[in-house]
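Visitor: 3D, please:
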Amino acid sequence: MPYSVAAKNLMLNALRGAAPATPLTHVGLLDAASPLTAVTAVTSTDTFTKTAHGLVNADLVVLTEKTGGSGVTAGDGGNGNGAAYPYFVVAAAANTFQLSVLSGWTAVDIATDISTTTVTKLVELTGGTPAYARKAIAFNAAAAGSMDDTATLVFDVPAGAVVDYVSYYSALTAGTLLAISKIVSETFAVQGTYTLTDADLDLLGC
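Guide: This is a model prediction of the structure:
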């Protein structure tokens, strides 16, 4: 259903800290692993199949280039590809797995068979000297269904890392993943820094 601007502002301001008890407080960086192509899924068991996929329970993934099927959203967040929708792996076996909208929850209902899709695992950066860490973030008050952050953030990035997504959490470590956003990929051959100059949250498409 379409939300009014007033409703959108209320939801965005809740993420600032009015409610819930654990609002959006920190930002991180994600590296996209090599994509798994030609993954199939069937509605009868809500199960995805890919030989030796290598995924384990609680892995964070996005789906892209989906052919057929419904019940899951595909899109990497890039221009023309739609929003990147985060899923978590559940019921992982050697050649099969299911997806959930929250880590450890029940599998999503695949309404119709998926003939092929690409599944990409997203991994938060680690390591480096100085070590990578999430950064605290604060936002200005929401206006017209959009909310802007208050400061530029600079992350330490280890050598060999690729920054593909920005991620938003409820805590400095662990916590709840609240959103992801695809950005222009940047590869770090050596230790360096990544500057996030702007982080807007909006509900304009909702």
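Visitor: quick one: the strands in the chain?
Guide: In the chain, the strands defined using DSSP state E lie at 26-32, 36-42, 47-49, 60-70, 87-90, 96-100, 112-124, 135-136, 146-147, 153-157, 162-169, 177-187, 192-196, 201-202.
Visitor: could I get those as a markdown table with distance to L15?
Guide: Just so you know, the C-beta spots here come from the backbone N, C-alpha and C atoms, and that holds for glycine as well. As requested, the strands of the chain are exported to a markdown table (distance: least, C-beta to C-beta, whole Å):
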| stretch | distance to L15 |
| --- | --- |
| strand 26-32 | 12 |
| strand 36-42 | 32 |
| strand 47-49 | 31 |
| strand 60-70 | 19 |
| strand 87-90 | 20 |
| strand 96-100 | 22 |
| strand 112-124 | 20 |
| strand 135-136 | 14 |
| strand 146-147 | 8 |
| strand 153-157 | 17 |
| strand 162-169 | 8 |
| strand 177-187 | 7 |
| strand 192-196 | 17 |
| strand 201-202 | 7 |
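Visitor: please report how far the residue nearest to the spatial centre of the chain lies from T51.
Guide: Nearest to the mean C-alpha position of the chain, by C-alpha atoms, centre = their mean, lies I180 at 3.5 Å. Between I180 and T51 the distance is 27 Å, computed by C-beta to C-beta, to the nearest Å.
Visitor: one step back: L12: which of the strands of the chain is closest?
Guide: strand 146-147 (4.4 Å; C-beta to C-beta).
Visitor: for that closest one, the averaged confidence score.
Guide: Strand 146-147 comes out with an average pLDDT of 89.
Visitor: which elements pack onto it?
Guide: Contact here means 3 or more C-beta pairs under 8 Å, 6 or more residues apart in numbering; DSSP states H and E; on that basis strand 146-147 packs against helix 5-13, strand 201-202.
Visitor: in terms of secondary structure, what does the shortest one contact?
Guide: I take that to be strand 201-202. helix 5-13, strand 146-147.
Visitor: who's in contact with that strand?
Guide: Strand 201-202 has contacts (C-beta atoms under 8 Å, 6 or more residues apart in numbering) with 8, 12, 15, 24, 139, 145-147, 168, 179.
Visitor: count the neighbours of S167 for me.
Guide: 20 (other C-beta atoms under 10 Å).
Visitor: quickly note the distance from it to T118.
Guide: Separation of S167 from T118 (C-beta to C-beta) stands at 20 Å.
Visitor: beta-bridge partners for the residue nearest to the centre of the chain, please?
Guide: S167 (DSSP bridges).
Visitor: what's near enough to touch it?
Guide: 30, 62, 77, 84, 86, 122, 165-168.
Visitor: show me what the lowest-mean-pLDDT helix or strand in the chain packs onto, helices and strands only.
Guide: Here the helix or strand of the chain ranked lowest by mean pLDDT, DSSP states H and E is helix 5-13, holding a mean of 75. Contacts defined by 3+ C-beta pairs under 8 Å, 6+ apart place helix 5-13 against strand 146-147, strand 201-202.
Visitor: fine, thanks again, bye for now.
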